[in-house]
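Undergrad: Below: sequence and its predicted model.
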Number of protein chains: 2
Amino acid sequence: MIETDTGVRNIDVVPSHGECKKAIEILARIGDKWTVMVVGVLARNDTLRYSELHRSIEGISQRMLTLTLKGLERDGLVERTIYPTIPPRVEYKLTDLGLSLIEPLRALHAWAVTHHSSILTAREAFDMQRVVPGT
Amino acid sequence: MIETDTGVRNIDVVPSHGECKKAIEILARIGDKWTVMVVGVLARNDTLRYSELHRSIEGISQRMLTLTLKGLERDGLVERTIYPTIPPRVEYKLTDLGLSLIEPLRALHAWAVTHHSSILTAREAFDMQRVVPGT
DNA sequence: CAGTATCCCATTCGATACTG
DNA sequence: CAGTATCGAATGGGATACTG
């Protein structure tokens, strides 16, 4: 009754302010520099060793790979299996929980791909306004 | 032919390593501390003034609100309208591009709400393993 | 091989004060 | 009202070296 028209904005399906905090929490969790990359690689490979992950993710340092994996393991998104051989062998794979994250992540990725150029265009236009404002 | 069974992991719908970078870019864009909150509030209110946003988002500083809004405006997700009255009046609203982000964000939010407790449980269990390891 | 430990720089963010 | 300017603390993250 309050809504005016289009239905573009379904006010009742937009989470409340309070509920929103859980989204924030998750974004904070996966929104860092490497987490999505690690999840993505594991999503395509089922099981990978530490060194394979390191090779698969261009530019990541050992430190950040370790920290990222540990964070994902801590939250139950990744399972870590140690084979105490010499040399050691450690395998990583997504848990069911981790696998379930792929879908919403795909949705976001699809959005990113679809609107990527729009964003870049808007960005350039915006930056243009700001340069040589006096000239 | 290579896939084994379940279909849980649809390998062909998981973006390639290269494509994945666009997801990273977007995550970096919206994954900061306040952006999702601002988008969420605007998603529920159509148009808001600066001071209304400030009041609606608990804990945000003027500085961060300004920076967040400017970033969103720059990327074409938010439209900023100035009414040069005295005192000045500035209104913010989501653009069509910004509105289109709501849906994938909702998917992520739904995932967060659904699995929030699983994550916390996993986290506690993980932390338990690490405490008093010698005792 | 699979990490840890350390150093250090860059960025982020909050607090505070000021302005058109 | 709607910001901007400045400072300082905290955090993120890379490089390098070392270890079981």
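TA: Okay, I see it.
Undergrad: Would you mind listing the residues in contact with residue A:26?
TA: B:108, B:109, B:111, B:112, B:116 (Cβ atoms under 8 Å, 6 or more residues apart in numbering or on different chains). Any C-beta I mention is one placed from the backbone N, CA and C, and that applies to glycine too.
Undergrad: center of chain A, which residue is that?
TA: residue A:36 (3.4 Å; Cα atoms, centre = their mean).
Undergrad: Distance from the chain centre to stretch A:33-45, please.
TA: Between the centre of stretch A:33-45 and the centre of its chain there are 8 Å (Cα atoms, centre = their mean, to the nearest Å).
Undergrad: which residues of chain A fall in strands?
TA: A:47-49, A:78-83, A:89-94 (DSSP state E).
Undergrad: Which of those has the highest mean neighbour count?
TA: Among these, strand A:89-94 has the highest mean neighbour count (mean count of other Cβ atoms under 10 Å in any protein chain shown), at a mean of 18.
Undergrad: Kindly provide the distance from the spatially closest residue to residue A:46 that is not a sequence neighbour to residue A:39.
TA: Excluding its sequence neighbours, the residue lying closest to residue A:46 (Cβ to Cβ, 6 or more residues apart in numbering or on different chains) is residue A:93, at 6.0 Å. Using Cβ to Cβ, to the nearest Å, residue A:93 is found at 11 Å from residue A:39.
Undergrad: circling back to that earlier point, what residues are up against the residue nearest to the centre of chain A?
TA: So residue A:36 contacts A:30, A:105, B:20, B:23, B:24, B:27 (Cβ under 8 Å, 6+ apart).
Undergrad: before we move on, what about residue A:115?
TA: Taking Cβ under 8 Å, 6+ apart, one finds B:97, B:100, B:101 in contact with residue A:115.
Undergrad: So which of these sit within helices?
TA: Applying DSSP state H to the contacts of residue A:115, the entries found in helices are B:97, B:100, B:101.
Undergrad: The first one - how many residues pack around it?
TA: The criterion is other Cβ atoms under 10 Å in any protein chain shown. On that basis, residue B:97 has 19 neighbouring residues.
Undergrad: so it touches residue B:76, yeah?
TA: Yes: with contacts counted by Cβ atoms under 8 Å, residue B:97 reaches residue B:76, the gap being 5.2 Å.
Undergrad: got any residues that touch both of those two?
TA: Common contact partners of residue B:97 and residue B:76 (Cβ under 8 Å, 6+ apart): A:118, A:119, A:122.
Undergrad: Count the residues that sit near the last one.
TA: In this case it means residue A:122. The burial count for residue A:122: 18, using other Cβ under 10 Å.
Undergrad: Residue B:97 is in contact with that one, correct?
TA: Yes: at 7.5 Å, residue A:122 counts as touching residue B:97 under the criterion of Cβ under 8 Å.
Undergrad: List the contacts of stretch A:92-107.
TA: Contacts of stretch A:92-107 (Cβ under 8 Å, 6+ apart): A:30, A:36, A:39-40, A:42-43, A:46-50, A:53, A:69, A:72, A:76-81, B:8-9, B:13-15, B:23, B:103-104, B:107-108, B:110-111, B:115, B:118-119, B:122.
Undergrad: All set now, cheers.
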